[in-house]
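quick one: sequence plus predicted model below, questions after.
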Amino acid sequence: MARPSLKKERQAQILAAYEACVAVFGLEGATLERVAEEAGLARALIRHNVGNREDLQAALIKRFVGQSTQALEALFAGLPDAGAGPIFVDRLFGPGYGDTTMVLVSAALIGAAERDPAIARKMRKWVNDFLSKIESFLVNTYPTRPEEDVQAVAAGLVALYFNTESLTPLGKLDKLNSASRRAAMMLVAQLEG
């Protein structure tokens, strides 16, 4: 009887290790040796289960985008029909939504985008999809508001969120986080009035 394949489990283990290495060492510093050490696997198993550095990068971007999309969809889940805008902002800027590792991975990917057009294309798509989902939510929540107002508020929310979130690794920026949340609430209030 053949042994069950561990490929999916190994891939998840390797991608988690690669993500951790990218968060600490950046994309260039996340070597196969470091990933193998972090995963507790032989380097040959990295190549066998995921592939070379380019394959790891592609898998990391796919994983990052997937996790980001799931997290955003979770913020939309269960919102009430009335008053959804401020509740969404509370969730987006609330504790527990941000993830330092994800912030560091996104910073590494965005930094690498300048030198790698494929990464730049994928990360632009990620940002544009994030913006589009927030625009769609706002259009559905405030259907009578002018499209250009909804787009401006969505862009403002995204800019505030990404700016604030990018500083998460610094920790203890309560005043900035609170003021950013308040600014986001003020933006949404423009659509309510």
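It's in. Numbering: from 1, shown residues only.

from Leu45, how far off is the residue positioned nearest the centre of the chain?
In the chain, the residue lying closest to the centroid (CA atoms, centre = their mean) is Ser68, at 3.8 Å. As judged by CB to CB, to the nearest Å, Ser68 and Leu45 stand 27 Å apart. All C-beta spots, glycine's among them, are computed from the backbone N, C-alpha and C.

please, where are all the helices along the protein?
Here the chain has its helices, by DSSP state H, at 7-29, 32-39, 43-49, 53-76, 84-93, 100-113, 117-141, 147-166, 174-192.

which elements pack onto the worst-scoring helix or strand of the chain on mean pLDDT?
Here the helix or strand of the chain ranked lowest by mean pLDDT, DSSP states H and E is helix 43-49, holding a mean of 89. Other helices and strands packing on helix 43-49, by 3 or more CB pairs under 8 Å, 6 or more residues apart in numbering; DSSP states H and E, are helix 7-29, helix 32-39.

return the set of buried residues in that helix.
Leu45, Ile46, Arg47, Asn49 (16 or more other CB atoms under 10 Å).

next one: stretch 6-19
Here stretch 6-19 shows Arg10, Gln11, Gln13, Ile14, Leu15, Ala17, Tyr18, Glu19 as buried, counting by 16+ other CB under 10 Å.

and that stretch, how far out from the chain's middle?
19 Å (CA atoms, centre = their mean, to the nearest Å).

who's in contact with that stretch?
With contacts defined as CB atoms under 8 Å, 6 or more residues apart in numbering, stretch 6-19 is touched by 30, 35-36, 38-39, 41, 45-46, 49-50, 56, 59-60, 63-64, 101, 105.

again, but for stretch 82-90
Contacts for stretch 82-90 (CB under 8 Å, 6+ apart): 75-76, 79-80, 137-138, 141-142, 157, 181, 184-185, 188-189, 191-192.

kindly export it (C-alpha atoms) in CSV.
The C-alpha coordinates for stretch 82-90 follow below in CSV (Å, rounded to 0.1, in the frame of the first residue of the first chain):
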residue,chain,number,x,y,z
ALA,A,82,-28.5,50.0,7.7
GLY,A,83,-25.5,51.7,9.2
ALA,A,84,-23.0,49.4,7.5
GLY,A,85,-20.5,52.1,6.5
PRO,A,86,-19.4,53.0,10.1
ILE,A,87,-19.4,49.4,11.2
PHE,A,88,-17.2,48.5,8.2
VAL,A,89,-14.7,51.3,9.2
ASP,A,90,-14.7,50.1,12.8
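
if we can go back for a sec, I'd assumed Val103 was in contact with the residue nearest to the centre of the chain.
No: between Ser68 and Val103 there is no contact under CB atoms under 8 Å: 10.8 Å.
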